[in-house]
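> Kindly generate the corresponding structure for this input.
(2 chains)
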2 protein chains.
Amino acid sequence: MTKLISNELHPAAANGLLDRRAFVRGGAALAAAMSGYTLTRSVQAEPLEDAEWMRTIGPDVPGYGRPSPMEAHVEGTLVRRSWGGVGNRRTPHHLLNGTLTPSGLHFFIGHSGLPNIDPAEHKLLIHGLVRQPLVFTLESLARYPMQTRMGYVECGGNSAPLFSPEPIQDTVQALHGLASCSEWTGVMLSTLLEEAGIDPKAKWMIAEGAESIAHTRSVPVYKGLDDAMIALYQNGERIRPEQGYPMRLFLPGWEGNMNVKWLRRIELTESPGMTAAEIRSYADLLPNNDIMLFNFMNGVKSYITHPSPGYAMNGPGFYEISGIAYSGRGPIEKVRVSADGGRTWADAALQEPVLSKAFTRFRIPWQWDGGPAVLQSRAWDAAGHVQPERAEILAWRGQNPDVPRVTAFPSHHYNGPTSWAVSADGGVSHVYV
Amino acid sequence: MTKLISNELHPAAANGLLDRRAFVRGGAALAAAMSGYTLTRSVQAEPLEDAEWMRTIGPDVPGYGRPSPMEAHVEGTLVRRSWGGVGNRRTPHHLLNGTLTPSGLHFFIGHSGLPNIDPAEHKLLIHGLVRQPLVFTLESLARYPMQTRMGYVECGGNSAPLFSPEPIQDTVQALHGLASCSEWTGVMLSTLLEEAGIDPKAKWMIAEGAESIAHTRSVPVYKGLDDAMIALYQNGERIRPEQGYPMRLFLPGWEGNMNVKWLRRIELTESPGMTAAEIRSYADLLPNNDIMLFNFMNGVKSYITHPSPGYAMNGPGFYEISGIAYSGRGPIEKVRVSADGGRTWADAALQEPVLSKAFTRFRIPWQWDGGPAVLQSRAWDAAGHVQPERAEILAWRGQNPDVPRVTAFPSHHYNGPTSWAVSADGGVSHVYV
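Okay, the predicted model is just below:
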């Protein structure tokens, strides 16, 4: 260890966490620290033989590409409903890196499959308490000014397994895979609302989808006049069927199901619709039997994706700890990481650019000595909110013995820490500390 | 017109260009301008009937998603080589929006198909003038500190059709489709070079791919110590086969073929390798018969993607003009747009965040009066470079009568303007002005 920790590579917290600035000062110190000593897998040079794939011309290039066949295991896990069909698909954060979620792996929740919408026939109606009801086709929307922003969508039920009394042993995909981040491009809803002319009595917008169950949610008008978008493009191309092709409501930072997919109607009203989704599916029972409605936002959250369960640690030495942080209230301000279960903490590096209501990748170098460690992250947002302790959340919300089936309350808006225990054999497991 | 141009919606240049700040001041002025008058396609509200796709449960959700079947026409155009196989695939900029290119539509140039590389067997060798040659597996690289950045890749031959004496009538995909932008994540090459220990005599790095023709390019060591990356992830997932799975050299801002795909070797040397790619394929013949070698960078460039050939203008009224700008020398500083063939100009809005060596989406509102117009864009980068006039480029580089076959010099590094003529019937064609 003393060989590693030079003047340039300061320890930043106990159990091997190193100063995050090792990244930004250039690679020399870190490279020196790794050389031979730490990265035993960087073996001596050897002649490179031509591999099998160099002896032949490979398969031809398609007009629309796919991942390598060697990556077939990188899939969203599908959870099927009891009455058939896929109820949700979860993003495999432990197999990804960066800040974007590939469109093919964006999480999905839905109740009647993927409506095969003809974009030439689809219409969006804005009506109710407006001066002038309007109907938009995809062609008429294409003429409006557009905006582009990175933004995450997260299901209110993401992280629900953390309400379980015992830590559920599964991957970060199973625990936190109902959140994904994309680049969205579309027309600001405020532009359309102002064209329609809002009656001052209108306080709510009831948004309805064009799938067979016509999923419906009520959204306060102030969000429509703030940063709500009619999203038409996702990661550069038309949004995917799972995300609402040909258009969805995008409400940056607000829970997933309010971002109504396959959007066909926005009705301005005085009162919320009290739809099934808002008074049943996404309501929260509190320990005193009150029911909390219209809890639009998950709090500031973070979790470590590397290492995490399923990641095979391969002996002591250097590793990079990295993960994802985000807040529905704005940009992430700070992420701290602990390697000793929360006793000591070090600041992680945040990948620039740090964008409001988008995933932020955090990273910190770690010298694992081969002994037991418990890894944890904690995020702060620029609005001053901090990720709460698990005990704080349970005191307010109660505990759910039925998780992981997630059939009962409470099962929404968990944003406490996630703890990974690293054992001497390199295994990573989910623990509560 | 006077009805439209209120105090809040200033004209910014001749022929209908409006002030870009209509976007950022909130939608009220613009919405008012559009209401009824401009957007004749926003018809009166009508009852919404349940479409066919609302009467049935749709197809099930796959573990790895695809675009809607209704978007099958959004494909990279494939150019086949005379001896078989796809030589290149071009990005359909006119069908996309935002700043990212979907991974499936990233441009491709290659000469021996897609090597089906086993990531468990693939190795990267760094050797030659180093203190300690090193071999990396994908597993050993995974332990190094990573960085993430948005960045474009552009073929040196992109925009070659603009060397043609007559304007080639085709889409922006055919003219400029050999440039794409992704989020890349990987290990900074500087970290690996510093671990290997560079001999002071080493001035070049010879990078070699693992496809059957082992494409090879020489790169100055200074780029390796600057922002070069061994890219492992593209848009969040493992890089695609067309982009070099499982790893490529990523040299932000430098011409595509130097970003060696399927990377297997970097040899440090005193002199460049003078490989076929650098002394033949990507060399440039000048009018005085000198040959220009090692011209690494395309200059600052921009082009309008909406409207552009193939986009059906649907009557006079409001349209948004938008396009892409980028520079290999850093962030874009300014884009100006003309609607009268370059006589008058207005500043376009730049979509934030404006990132160095990444696509920047520019936009400007336009009130088309139904008369003839010639749309053009011109970009400046933060390093002070400006997109040159076409005549300046031809005076220096000459003209190529063989384009579009692009079999002769000059065919590289065109970065002049592109002009779209809008006719009274709404057709958009490619012109020189």
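> give me the number of residues near residue A:381?
24 (other Cβ atoms under 10 Å in any protein chain shown). Using the backbone N, CA and C atoms, a C-beta is placed for each residue, glycine as well.
> Could you check how far it is from chain B?
Separation of residue A:381 from chain B (Cβ to the nearest Cβ, to the nearest Å) stands at 18 Å.
> what's the spacing between the residue nearest to that residue when sequence neighbours are not counted and residue A:148?
Nearest residue to residue A:381, sequence neighbours excluded (Cβ to Cβ, 6 or more residues apart in numbering or on different chains): residue A:327, at 3.6 Å. As for residue A:327, its distance to residue A:148 is 20 Å (criterion: Cβ to Cβ, to the nearest Å).
> and if you look at residue A:224?
Distance of residue A:224 to residue A:148, given as Cβ to Cβ: 19 Å.
> quick one: which of residue A:327 and residue A:148 has more around it?
residue A:327 (28 against 22).
> ok, the more buried one - contacts?
Contact analysis of residue A:327 by Cβ atoms under 8 Å, 6 or more residues apart in numbering or on different chains lists A:253, A:299-301, A:357, A:379, A:381-383, A:385.
> In strands, which of these appear?
Taking DSSP state E as the definition of strands, the contacts of residue A:327 contribute A:301, A:379, A:381.
> three-state assignment of the closest residue to residue A:14 other than its chain neighbours?
Computed as Cβ to Cβ, 6+ apart, the closest residue to residue A:14 that is not its neighbour in sequence is residue A:344, at 4.2 Å. Assigned state for residue A:344: coil (three-state reduction, DSSP: H, G, I helix; E, B strand; the rest coil).
> wouldn't residue A:15 be in contact with residue A:376 here?
No. Assessed by Cβ atoms under 8 Å, residue A:15 is found out of contact with residue A:376, at 11.3 Å.
> Isn't residue A:266 up against residue A:207?
Yes. Between residue A:266 and residue A:207 a contact is recorded at 5.3 Å, counting by Cβ under 8 Å.
> Make a markdown table from the ones in strands among the contacts of residue A:327 and add pLDDT to it.
Formatted as a markdown table, these follow (pLDDT from 0 to 100):
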| residue | pLDDT |
| --- | --- |
| A:301 | 98 |
| A:379 | 98 |
| A:381 | 98 |
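> so which of these comes closest to residue B:306?
residue A:381 (35.1 Å; Cβ to Cβ).
> OK, contacts around that closest one?
By Cβ under 8 Å, 6+ apart, the neighbours of residue A:381 are A:300, A:327, A:329-333.
> got those residues as a markdown table, with pLDDT and secondary structure columns?
As requested, the contacts of residue A:381 are exported to a markdown table (pLDDT from 0 to 100; DSSP: H, G, I helix; E, B strand; the rest coil):
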| residue | pLDDT | secondary structure |
| --- | --- | --- |
| A:300 | 98 | coil |
| A:327 | 98 | coil |
| A:329 | 97 | coil |
| A:330 | 97 | coil |
| A:331 | 98 | coil |
| A:332 | 98 | strand |
| A:333 | 98 | strand |
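> which one of the residues you listed has the most neighbours?
residue A:327 (28 neighbours).
> and that one, how far is that from residue B:412?
Residue A:327 is 46 Å from residue B:412, by Cβ to Cβ.
> Which residue comes closest to residue A:168 once chain neighbours are left out?
Residue A:168 sits nearest to residue A:161 (Cβ to Cβ, 6+ apart), 4.6 Å away.
> do the same with residue A:92
Excluding its sequence neighbours, the residue lying closest to residue A:92 (Cβ to Cβ, 6+ apart) is residue A:173, at 4.5 Å.
> Helix or strand: which one has residue A:187?
Taking DSSP states H and E as the criterion, residue A:187 maps to strand A:179-188.
> now that strand, how far from the centre of its chain.
Distance of strand A:179-188 from its chain centroid, counting by Cα atoms, centre = their mean, to the nearest Å, is 12 Å.
> what do you get for stretch A:276-284?
Its chain's C-alpha centre and that of stretch A:276-284 lie 21 Å apart, by Cα atoms, centre = their mean.
> cool, stretch A:284-296 as well?
Centre to centre, stretch against its chain (Cα atoms, centre = their mean), the figure for stretch A:284-296 is 23 Å.
> List of residues touching it?
Contacts with stretch A:284-296, where a contact means Cβ under 8 Å, 6+ apart, come from A:156, A:218, A:223, A:251, A:254-255, A:258, A:272, A:278-279, A:282-283, A:328, A:396-398, A:408-413.
> Restricted to helices, list those.
Counting by DSSP state H, the contacts of stretch A:284-296 place A:223, A:396-397 in helices.
> near chain B too, which of these?
Checked against chain B using Cβ under 8 Å from any Cβ of the partner chain, those give no members in range.
> Would you convert those residues into a markdown table that also reports neighbour count and pLDDT?
Output for the ones in helices among the contacts of stretch A:284-296, formatted as a markdown table (neighbours: other Cβ atoms under 10 Å in any protein chain shown; pLDDT from 0 to 100):
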| residue | neighbour count | pLDDT |
| --- | --- | --- |
| A:223 | 20 | 98 |
| A:396 | 12 | 87 |
| A:397 | 20 | 86 |
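> so which strand or helix has residue A:59?
Per DSSP H and E: nothing holds residue A:59, as it lies in no helix or strand.
> Same question for residue A:265.
Using DSSP H and E, residue A:265 maps to strand A:263-269.
> could you give the mean pLDDT of the helix or strand following that strand?
Later in the chain than strand A:263-269, the nearest helix or strand by DSSP H and E is helix A:276. For helix A:276, the mean pLDDT works out to 90.
> contact partners of helix A:276?
residue A:216.
> try 10 Å
A:213, A:215-217, A:282-283 (Cβ atoms under 10 Å, 6 or more residues apart in numbering or on different chains).
> For the residue nearest to residue A:168, give me phi and psi.
phi -60, psi -20 (degrees, to the nearest 10).
> okay but residue A:177 is in contact with residue A:105, surely?
Yes. In this structure, residue A:177 is within contact of residue A:105 by Cβ atoms under 10 Å, at 9.3 Å.
> So for those two, which residues contact both of them?
In contact with both residue A:177 and residue A:105: A:76, A:89-93, using Cβ under 10 Å, 6+ apart.
> Can you read off the pLDDT for residue A:46?
On the pLDDT scale, residue A:46 gets 62.
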